[in-house]
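Asker: Let's see this in three dimensions:
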Amino acid sequence: MRDDLARDFLTDLFRAAIRAADPVICLPPHLPSPPASPAGRTVVVGAGKAAASMARALEAHWPGKLSGLVVTRYGHGVPTRHIEVVEAAHPVPDAAGLAAAKRIRDLVGGLTADDLVICLLSGGGSALLVEPLPPVTLDDKRELSHALLRSGASIGEINCVRRHLSAIKGGRLGAACHPARLVTLAISDVPGDNPLNIASGPTVADPTTCADALAILRRYAIALPSAVREVLESGAGESVKPGDVRLANSSTTLIATPRMALEAAATVARERGVTAHILGDAIEGEAREVGGEMAELALQLAARRQPHEPPAVLLSGGETTVTVHGNGRGGRNVEFLLALGLALDGTPGIHALAGDTDGVDGMEEIAGACLSPDSIARGKAFGRSMRAALDNNDGHGFFGALGDSIVTGPTLTNVNDFRAIYVGKID
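Answerer: Modelled structure (predicted):
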């Protein structure tokens, strides 16, 4: 397959994965029944990069009255009629997210057993739904977020810390809804699809402890603001635990997951006559290490035709991490591609695409990039070294110079990373 056709093929798979998680498609089948009592209210709250698009899809299919508020990332808002949409910062929280979280908690206070709360959650909700537990301040949370995001900690570890420093996460929002019926509809962006880690579990019980959070911070040698240390060491940050009666009338449904997105991409590949193999939807670890491991699989497929006969595509999802050592422009998906490209070393017939399904890889408004057999050579022609780019965590700088960045704009959903490695027939 020519380079341009391979890129188009991989891009089509990426689009299919994103489309499968579009709230317009995946939300309506899971709507709960309206309140049984004529006096019952329906209140909608939520947070995440898909929260606004989820709210719009809900409005379009809800049979009665509703009101509410959701918070999403800057640039990810959409017009709604009844549910207010607020935009805030991600991945490091800001004052807009703090104000929105307090308003959301106020909205669900004072409800009755006749009322219904629908909570819409998706990836990004942890940073967007921020309300520190006193005496922790927003500046403390921002400082800690910066450090954790650069440390190489997994998303599960980061969210454990967040839950124990929050007045709204770790089941606290769910407890505030009591005694109303609470239905959470979530788009999973986390490995393993545990609702506890989607937006740091604001509506579900949390079995982890302050001691667990402290152990994580020590493991990555994170300096603790004094207020953070006070809340964790005193146990004041303990979250809502399993068995809490305030969550007895609560349910959670995953309306879209990384696996669903990968299956949609695999279907498109097979329709094009390409064997599709899903390696996993919950792959974690350092992005550069995952890139090297997947290069070995691709090389075996190309050289030995094992475990499949080319043409074939290797698909995977999950959330890798990057321990930042340089000062370049990079996210975990382009970091993965740099490591993959170096390990493949220009092997003919192997192309790859890696991108975040929300359209944002790292801190850049870039979803990811494409890798081709001539990427190293073309980089040299532009005065760019792939090795130097990896050492400096500068994936966006490298692939941007080659014109190989993928820019989707906000996709209004988020089922985490998408990786596809195409291995064609080599004559």
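
Asker: tell me which element residue 43 falls in.
Answerer: Taking DSSP states H and E as the criterion, the element that holds residue 43 is strand 42-47.

Asker: er, residue 301 actually
Answerer: Element membership of residue 301, judged by DSSP H and E, is helix 287-304.

Asker: Name the residues that touch that helix?
Answerer: With Cβ atoms under 8 Å, 6 or more residues apart in numbering as the contact definition, helix 287-304 has outside contacts at 279, 283, 306-308, 310, 312, 314, 316, 320-322, 332-333, 335-344, 347, 349-350, 352, 390, 419, 421, 423, 426. Yep, even glycine has a C-beta here, placed from its N, CA and C like the rest.

Asker: Buried among the residues you listed? Need that as a selection in ChimeraX.
Answerer: Burial among the contacts of helix 287-304 is assessed by 16 or more other Cβ atoms under 10 Å; the matching ChimeraX selection reads:
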select :279,283,310,312,314,316,320,321,322,332,333,335,336,337,338,339,340,341,342,343,344,347,349,350,352,390,419,421,423
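
Asker: So which of the contacts of helix 287-304 belong to strands?
Answerer: Secondary structure defined by DSSP state E assigns 279, 283, 312, 314, 316, 350, 352, 419, 421, 423 of the contacts of helix 287-304 to strands.

Asker: And the average pLDDT for the strand or helix carrying residue 263 is what?
Answerer: Using DSSP H and E, the element containing residue 263 is helix 258-271. The predicted model assigns helix 258-271 a mean pLDDT of 97.

Asker: Which residues does that helix contact?
Answerer: Outside of helix 258-271, the residues within contact range by Cβ under 8 Å, 6+ apart are 9, 12-14, 16-21, 26, 188-189, 191, 193, 275-276, 278, 281-282, 313, 315-318, 357, 415-416, 418, 420.

Asker: Tell me which entries of those lie within strands.
Answerer: Among the contacts of helix 258-271, the ones falling in strands (DSSP E) are 275, 276, 278, 281, 282, 313, 315, 316, 317, 318, 418, 420.

Asker: Tell me which residues touch the fifth one, please.
Answerer: This points to residue 282. Contacts were defined as Cβ under 8 Å, 6+ apart; by that measure residue 282 touches 191, 192, 193, 258, 317, 318.

Asker: Listing request: residues of the chain with sub-threshold pLDDT.
Answerer: 1, 425-427 (pLDDT under 70).

Asker: If burial is judged by neighbour count, which of the contacts of residue 282 pass?
Answerer: 191, 193, 258, 317, 318.

Asker: Put together JSON lines for those, with distance to residue 222 on each row.
Answerer: Formatted as JSON lines, the buried ones among the contacts of residue 282 follow (distance: Cβ to Cβ, whole Å):
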{"residue": "191", "distance to residue 222": "21"}
{"residue": "193", "distance to residue 222": "27"}
{"residue": "258", "distance to residue 222": "28"}
{"residue": "317", "distance to residue 222": "27"}
{"residue": "318", "distance to residue 222": "23"}
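
Asker: wait, which of the residues you listed is closest to residue 403?
Answerer: Distance from residue 403 was checked for each of the buried ones among the contacts of residue 282 by Cβ to Cβ. The minimum falls on residue 317, at 25.8 Å.

Asker: and the closest residue to that closest one other than its chain neighbours, how far is that from residue 35?
Answerer: Counting by Cβ to Cβ, 6 or more residues apart in numbering, the nearest residue to residue 317 once its immediate chain neighbours are dropped is residue 258, at 3.9 Å. The gap separating residue 258 from residue 35 is 33 Å, by Cβ to Cβ, to the nearest Å.

Asker: same thing with residue 272?
Answerer: Distance, residue 272 to residue 35, using Cβ to Cβ: 47 Å.

Asker: quick one, which of those two is more surrounded?
Answerer: Taking neighbours as other Cβ atoms under 10 Å, residue 272 and residue 35 compare with residue 35 leading, 19 against 13.
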